[in-house]
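Student: have a look at this fold, sequence not included:
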């Protein structure tokens, strides 16, 4: 019986002005263990879940990992084998850390492994973007590092963005969820020319700020007019936590993905102070949070195989 594990990193998307196109992989992981079952197995899939929030994850055939797994077999025109999937949760659900992207990438990479790797990374990536609806989480979850994506449903250009090694992501993860659908529902259909110029200039500056670690650039570059002004009302204590992070020496703070997790970027000297002050600020408004000082994941999704 063949067993292998797919490890997929959490991701932080948007990073301020890079709405729906910029994302980075982080050193926080979900782990999916797949065991090929005998062809005569009656049930095509069995799913078990371990970790915090495991009760919230479907153990049926509608699980996103398994529906993604099936997409590969549909594309290559083969019948999927019976499979047992064990999910090890390390990425909090519905917190703006790409938990759904880990499931999509985990399922696609696993199926490709089972089928003998018929699909290229680009083909897996295209399937993942189609399933997720936007590239900013699934691309870094697959490739690792910080990635900028541009294109359309049939043609994507993927560009790795260099991330200066002393640029530290501090994640403040609150004890409440925020559904992506709700976070998207508050966004306006149209923006002004001035707001478009505001974001274009900041995204350009952000790419150089991430590359160089230039704090003066990052303080301006992390600003946004497309999504954060509308979503921050869904996150109690947002302004207080942002002020605390900046007072602790962070270059700036943004909403991670659709939220409610908040991401501060800082240097190694101020990372612990930033984490402490963000925690305290949320406590002052009655919200418990878990704050993690992380790093950029540079490997993306990876497969470890072993025989039982």
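Tutor: Thanks, I have the structure now. Note that this is a predicted model, so its numbers are computed, not measured.

Student: from here on, contacts and neighbour counts on C-alpha atoms
Tutor: Noted.

Student: just give me the neighbour total for residue 44.
Tutor: 14 (other Cα atoms under 10 Å).

Student: now it: closest residue in space that isn't a chain neighbour?
Tutor: With Cα to Cα, 6 or more residues apart in numbering as the criterion, residue 44 has its nearest non-adjacent residue at 4.3 Å, and that residue is residue 82.

Student: what's near enough to touch that neighbour?
Tutor: 36-39, 41, 43-45 (Cα atoms under 8 Å, 6 or more residues apart in numbering).

Student: redo that, cut-off 6 Å
Tutor: For residue 82, the contacting residues are 37, 44-45, by Cα atoms under 6 Å, 6 or more residues apart in numbering.

Student: so residue 292, which state does it fall into?
Tutor: Following DSSP: H, G, I helix; E, B strand; the rest coil, the label given to residue 292 is strand.

Student: what's opposite it in the beta bridge?
Tutor: Taking DSSP bridges, one finds residue 171 as the beta-bridge partners of residue 292.

Student: show me where the chain has its strands.
Tutor: Per DSSP state E, the chain carries strands over the ranges 2-13, 22-36, 45-50, 83-88, 146-152, 155-161, 168-174, 252-255, 262-266, 289-293, 302-307.

Student: neighbours of residue 172, how many?
Tutor: Neighbour count of residue 172, defined by other Cα under 10 Å: 26.

Student: so what's the closest residue in space to it that isn't next to it in sequence scoring on pLDDT?
Tutor: Leaving aside its sequence neighbours, residue 172 sits nearest to residue 291 (Cα to Cα, 6+ apart; 4.3 Å). On the pLDDT scale, residue 291 is placed at 96.

Student: give the full set of residues in contact with residue 291.
Tutor: So residue 291 contacts 171-173, 275 (Cα under 6 Å, 6+ apart).

Student: can I get these in JSON lines with pLDDT?
Tutor: Below are these laid out as JSON lines (pLDDT from 0 to 100):
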{"residue": "171", "pLDDT": "98"}
{"residue": "172", "pLDDT": "97"}
{"residue": "173", "pLDDT": "96"}
{"residue": "275", "pLDDT": "98"}
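
Student: is it possible to export the strands of the chain to CSV including distance to residue 225?
Tutor: Output for those, formatted as CSV (distance: least, Cα to Cα, whole Å):
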stretch, distance to residue 225
strand 2-13, 15
strand 22-36, 15
strand 45-50, 39
strand 83-88, 37
strand 146-152, 19
strand 155-161, 22
strand 168-174, 21
strand 252-255, 12
strand 262-266, 17
strand 289-293, 26
strand 302-307, 36
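
Student: of all these, which lies closest to residue 127?
Tutor: Nearest to residue 127 among those is strand 155-161 (11.5 Å), distances taken as Cα to Cα.
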